[in-house]
Structure formats: structure tokens, C-alpha cells
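Colleague: Quick one, what's the 3D model for this:
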Amino acid sequence: MKYFLFSILVVFSLMCKAQVVEKRLVQFSGLVLSSDSLQALPFAVIYDKNIGKGCYSNYTGFFSFVASEGDSIYFSYVGFKRKLFVVPRNLTEEKYSIVQLLTADTLNLAATIIRPWPKPEEFKQAFLDLKVQDDDLDRAKKNLQKMESADLRINLPPDGQEASNYFLRKNTSSYYYRGQTPPQNIFNPLAWAEFIEAWKRGDFKSK
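Modeller: Prediction:
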């Protein structure tokens, strides 16, 4: 009896070992597409249940990883039905490619019930008390108003860069006329033309 049980265990272990040896590795690759439009499904989950590992499809829907013959491969994607694929056995090559199509799934969301205010007066008061903050566009419009910009230009003192530029321009003007008399506007015909036009407009009349 002992020899009989021992022989059964030996035969069973050999059968299991033979099954393990027969299960070859396969380079499993393919594309994951939608069944209605044949568009690529990027970052779809491809999960091998037998080894507990998997991968993601790239932005074109392509995937590739090492699996074994007979493994159960699950394909899942948000908004689509889950799909099961079993790698065939006794393949002639060590690679296998498929095009897996996934069907869109209908998602039922919970109902949203909109209830009115108990009284119109309460809604009016709540609406008046509501403080709506300005968005970026409103703030930009306020900051770019002409009156505020003009007031800032007049009242704000010059910064370091503006003061240095003014000082350099003033020195440059004095260096340009060094050794000679600077020109006077009294001899400038353009200044005289401006003066005549202002006199015709009545800019010098007492108000």
C-alpha cells in the first residue's frame, strides 16, 4: 500500500512538472481600440491574472509584455466594458499579437434633485448677500483704467532706473553743447509756428 501511494505521488509530480514545462513564455502585444470608432485607447490597463502583473497601453493604444500560454488577460478602460482574453496554447511562435476592441459602457449617475427656496424673500436676501469675487479679467480691467494709470504716473516717484536714465540724458545733452551756446527756442521756427497756432486758438486769453 505504501509503495502504491508513493508511485501515485511520483506520477502526479511528473505530470505537474510536464505541464509547467509545456507552458511557454510568449511576447504578447497588440492594440487597444474602441469598437465603435476604432480610436486608440491610451493608458488602458492590461492585467495578467495568472502572474498578477500587467502594463498600460501608450498614447497610440499599443502594449507589449511577456505572458505565458493559457494566461487570462483582462483589458479595462474607464467608460468601457471589461474584456477577458486567454492566450492560446501550442503556439508556433514565441510571440502573439491581437487587436482588442472594447465596447463603451453606459454609466448611470445618481439623480440630482434641485429644490427651490422656501420663500421668494429668502432667495432675494441670499442673492443680495452673495459676494462674488472678481476674476482675473475684471482685476486686469481695473488695474488698466486710464485714470488710475495717469494718477500713478504723476504721483509715483521715479525708481532707480528712471532716475539714472534721466541723469545720463541730461549729462549727454550738456556734453553735446559743451564749448558753445545751447540753442534757444526763440530762434526755432517750429516753436514759433506752435505759438501762432495757440494764439489763434485763443489759448492766451484770460479766463
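
Colleague: What helix or strand is residue 55 located in?
Modeller: strand 53-56 (DSSP states H and E).

Colleague: Tell me how many other residues surround the closest residue to residue 86 other than its chain neighbours.
Modeller: Excluding the flanking residues, the one nearest residue 86 by Cβ to Cβ, 6 or more residues apart in numbering is residue 72, at 5.6 Å. Using the backbone N, CA and C atoms, a C-beta is placed for each residue, glycine as well. Counted with other Cβ atoms under 10 Å, the neighbours of residue 72 add up to 13.

Colleague: now swap in residue 196 and tell me
Modeller: 10.

Colleague: repeat for residue 75
Modeller: Neighbours around residue 75, by other Cβ under 10 Å: 24.

Colleague: Find the centremost residue of this structure, please.
Modeller: Geometric centre of the chain, nearest residue: residue 59, 15.2 Å, by Cα atoms, centre = their mean.

Colleague: dump the residue contacts of it.
Modeller: For residue 59, the contact set (Cβ atoms under 8 Å, 6 or more residues apart in numbering) comprises 40, 42, 43.

Colleague: In terms of pLDDT, where does it sit?
Modeller: At residue 59, the model reports a pLDDT of 92.

Colleague: Same check on residue 161?
Modeller: Confidence at residue 161, expressed as pLDDT, is 86.

Colleague: and what of residue 152?
Modeller: For residue 152, pLDDT reads 74.

Colleague: Could you give the separation of whatever helix or strand it lives in from the chain centroid?
Modeller: Using DSSP H and E, residue 152 sits in helix 146-155. Relative to the centre of its chain, helix 146-155 is centred 38 Å away, using Cα atoms, centre = their mean, to the nearest Å.

Colleague: Quick one: name whatever helix or strand follows it.
Modeller: According to DSSP H and E, the helix or strand after helix 146-155 is helix 160-176.

Colleague: How many neighbouring residues does the nearest residue to residue 183 once chain neighbours are set aside have?
Modeller: Closest residue to residue 183 apart from its sequence neighbours, by Cβ to Cβ, 6+ apart: residue 177 at 7.9 Å. By other Cβ under 10 Å, 10 other residues sit near residue 177.

Colleague: The one 3 residues further on too?
Modeller: For residue 180, the count of nearby residues is 7 (other Cβ under 10 Å).

Colleague: and what of residue 27?
Modeller: 13.

Colleague: which ones are touching it?
Modeller: Counting by Cβ under 8 Å, 6+ apart, residue 27 has contacts 64, 65, 66, 94, 95, 96.

Colleague: Lowest mean pLDDT among the helices and strands, pick that one out for the protein.
Modeller: helix 2-22 (a mean of 54; mean pLDDT, DSSP states H and E).
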